[in-house]
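Colleague: pasting a predicted model and its sequence here:
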Amino acid sequence: MDAKAKRDLYDILIALGQQTMDHHNPCDWRKGKCRRMRSLEDDKGCCVGFEHLGAEGCTVESLACTLWLCEDQKGAF
């Protein structure tokens, strides 16, 4: 598989991953805050410790970032 085909496949996987996350909403996003951000005021959010997190979300187009889930998923599914 050449580099362009790999990039195209990666883009497809990111799009499918985002559609899945949007559909199932495992972090219960509401008004820009996930369930953990709303329930733990001193918590910095679902992506605490994720190296590619910026003020507006992911700073890179990354499959890992697209599919990132909160560590505590109790009641999310």
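Modeller: Received, thanks.
Colleague: how close does E61 get to Q19?
Modeller: 15 Å (CB to CB, to the nearest Å). Where C-beta positions appear, they are placed from N, C-alpha and C, glycine not excepted.
Colleague: do the same with V60
Modeller: Using CB to CB, one obtains 19 Å as the distance from V60 to Q19.
Colleague: what about V60, helix or strand, and which?
Modeller: Assignment of secondary structure by DSSP states H and E places V60 within no helix or strand.
Colleague: ok, then the element right after the strand or helix carrying T20?
Modeller: The secondary structure element spanning T20 is helix 3-24 (assigned by DSSP H and E). Past helix 3-24, further along toward the C-terminus, the next helix or strand under DSSP H and E is helix 35-39.
Colleague: mind listing what's buried along that following helix?
Modeller: Under the neighbour-count criterion of 16 or more other CB atoms under 10 Å, helix 35-39 has 35-37 buried.
Colleague: kindly report the same for stretch 7-24.
Modeller: Of the residues in stretch 7-24, 14, 17, 21 count as buried by neighbour count, 16+ other CB under 10 Å.
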